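# Quick one, what's the 3D model for this:
(one chain, ligands or ions: 2)
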Amino acid sequence: MMKKIMMKNDISENRKISASILSADFSKLSEEIKLLEKASVDYLHLDVMDGSFVPNISFGAKLIKDIRPHTKILFDTHLMISNPEKYIIDFCEAGSDIITIHYESTIHVHRAIDLIKKQNKLAGLAIVPSTPISAIEDLLEEVDLVLIMTVNPGFGGQKFIDSQLKKISTLRNKIDQLGKKIILSVDGGVNSSNAALLFSLGADLLVAGSFIFGGENYHNQVKLLKS
Ligand code: DX5
Ligand code: ZN
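Ligands and ions are numbered 1, 2, ... in the order given. Predicted structure coming up:
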């Protein structure tokens, strides 16, 4: 399409899959990543949780730095941490390509986005299910990605919250009106029963964890999500 603007590393193509390693076996992470490469996932989704912004703790910048030499897949880091601006530089230096912060995680959202962009990384903004699209409207000009959470953040394997569906089409319209290429990402409870609908409502990128890792063959699982 004429409107499409190619961005760094071809990130503007739609119907992409970001595999959340939260559901991977951490004791053999490099093997898991090799399988994801073979499954042709487009990004690795790295869910960072601090036990404060969300009621769970996952991993930090050290793990991201350690896996960086093992793959060329783009790293899509999702910071579910309070006051992310304190740690943005660490996550950039660890090798993230996209850094997504939560609208609800700091008063200084604009400053945090600015910091990500100053490190020459793509800046994403996420919203939890209780935050409306209208809350982030004035920030759309500033970001490269918006992540709509379709579960309450903190855990993999939760059920998709259907009431979030209308936010996807609302945001799709706003992005199209703006005429700026912003990746519309959806995260939480994504599986083969809802993926086609999510793409048709206007999502460019679907994050999936338990659906991919819960299958015998990751390649088949990713294919099911894309088809
Ligand atoms: C939830 C995380 C998600 C999660 C997705 O807090 O942000 O990325 O890992 O996992 P599934 O696909 O199992 O819902
Ligand atoms: Zn996530």
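# Next up, identify which helix or strand the residue of the chain found nearest ligand 2 is on.
With CB to the ion as the measure, the residue in the chain that lies nearest ligand 2 is residue 78; the distance is 3.8 Å. Using the backbone N, CA and C atoms, a C-beta is placed for each residue, glycine as well. Taking DSSP states H and E as the definition, one finds residue 78 inside strand 74-80.
# contacts for that strand?
For strand 74-80, contacts defined as CB atoms under 8 Å, 6 or more residues apart in numbering pick out 9, 11, 18, 42-50, 53-54, 64, 68, 87-88, 91, 95-102, 105, 124, 126, 147, 153-154, 185, 187, 205, 207.
# List buried members of those residues by neighbour count.
Using 16 or more other CB atoms under 10 Å as the burial test, the contacts of strand 74-80 include 11, 18, 42-50, 53-54, 64, 87-88, 91, 95-102, 105, 124, 126, 147, 153-154, 185, 187, 205, 207 as buried.
# I'd like to know the beta-bridge partner residues of the residue of the chain closest to ligand 2.
Listed by DSSP bridges, the beta-bridge partners for residue 78 are residue 47, residue 100.
# Pull the number of nearby residues for it.
The burial metric for residue 78, expressed as a neighbour count using other CB atoms under 10 Å, is 28.
# what residues does the longest helix anywhere in the chain touch?
Secondary structure assigned by DSSP state H gives helix 165-178 as the longest helix of the chain. Helix 165-178 has contacts (CB under 8 Å, 6+ apart) with 132-133, 137, 140-141, 146, 148, 182, 184, 186, 197-198, 201-203.
# For those residues, work out which two are farthest apart.
Within the contacts of helix 165-178, two members stand farthest from each other by CB to CB: 141 and 197, at 28.4 Å.
# so residue 21 makes contact with residue 44?
Yes: look at residue 21 against residue 44 with CB atoms under 8 Å: they come within range, at 6.0 Å.
# So which residues of the chain form strands?
Using DSSP state E, the strands of the chain run over residues 16-20, 43-49, 74-80, 98-102, 122-127, 145-149, 183-187, 205-208.
# Show me the beta-bridge partners of the nearest residue to residue 198 once chain neighbours are set aside.
For residue 198, the nearest residue in space outside its immediate sequence neighbours is residue 186; the separation is 5.2 Å by CB to CB, 6 or more residues apart in numbering. With DSSP bridges applied, the residues forming beta bridges to residue 186 are residue 148, residue 206.
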